[in-house]
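**Student:** here's my sequence, what's the structure:
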Amino acid sequence: MKKIFLLIIVAFALNSCNKEENSSQVRYELLPIDYCRMPYYFQQGETYDLEMFFKKPTSCHFYKGIYFEKQGNTRIVAIQSAVVETNSCVTYDYQNNTSLQPDSVKCKFTATGTETYTFKFWTGKNAQGEDTYYDVEVPVEN
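**Tutor:** Numbering: from 1, shown residues only. A predicted model of the protein is given here:
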């Protein structure tokens, strides 16, 4: 009886370790920012909501976070997404379907410095494969 019980436990343990053949893979990619809402100026020490708008290319793209790189007073910003690799993705056609609206996300930014901030919002890649940006300069008032 003990051997049968042990055999059943081993069978369940081995079965639970099998990977499904149809499991979906996930990859990550940046999404371009279409436009943003920002203040015309910052007050030093104040915190602001920066709102960014972006389009998900397919139903398999999911918002994952904000890519935010700091270089002195320059900030490089893009949208991070997770993409589920599956054959059931629906491609969104924003040009021909006016009911589709861009998604938006807000991030908090605190103006700690006194110099003008430059935000470089990633807008994708050009024909040569180089990154393109929409630059916004926001001065800081004391």
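**Student:** so the spatially most central residue of the chain: helix, strand or coil?
**Tutor:** With distances taken as C-alpha atoms, centre = their mean, the chain has residue 80 as the residue nearest its mean C-alpha position (1.9 Å). For residue 80, the secondary-structure state derived from DSSP: H, G, I helix; E, B strand; the rest coil is strand.
**Student:** strands of the chain, residue ranges please.
**Tutor:** 25-31, 33-37, 42-43, 47-54, 61-71, 74-85, 103-110, 117-125, 131-138, 140-141 (DSSP state E).
**Student:** so the residue nearest to the centre of the chain bridges to which residues?
**Tutor:** Beta bridges link residue 80 to residue 30, residue 65 when assigned by DSSP bridges.
**Student:** thought residue 69 was touching it, still the case?
**Tutor:** No: between residue 80 and residue 69 no contact is recorded; they are 11.8 Å apart, counting by C-beta atoms under 8 Å. In this view, the C-beta of every residue, glycine as well, is placed from N, C-alpha and C.
**Student:** now the terminal residues of stretch 26-38, how far apart.
**Tutor:** With C-alpha to C-alpha, to the nearest Å applied, stretch 26-38 spans 32 Å between its terminal residues.
**Student:** low pLDDT regions in the protein?
**Tutor:** 1-23 (pLDDT under 70).
**Student:** what's the closest of the strands of the chain to residue 97?
**Tutor:** Evaluated over these, closeness to residue 97 peaks at strand 103-110, with 14.6 Å, by C-beta to C-beta.
**Student:** and that closest one, which residues are buried?
**Tutor:** Within strand 103-110, the residues that qualify as buried by neighbour count (16 or more other C-beta atoms under 10 Å) are residue 109.
**Student:** what lies in contact with that strand?
**Tutor:** Contacts made with strand 103-110 from outside it, assessed by C-beta atoms under 8 Å, 6 or more residues apart in numbering, are listed as 45-56, 63, 66, 68, 75, 79.
**Student:** can you list the strands that it pairs with?
**Tutor:** Strand 103-110 has its sheet partners listed here by DSSP bridges as strand 47-54 (antiparallel).
**Student:** the strand it pairs with vs strand 74-85, what angle?
**Tutor:** Between the axis of strand 47-54 and that of strand 74-85 there is an angle of 50 degrees, by axes from the mean of the first three to the mean of the last three C-alpha atoms, to 10 degrees.
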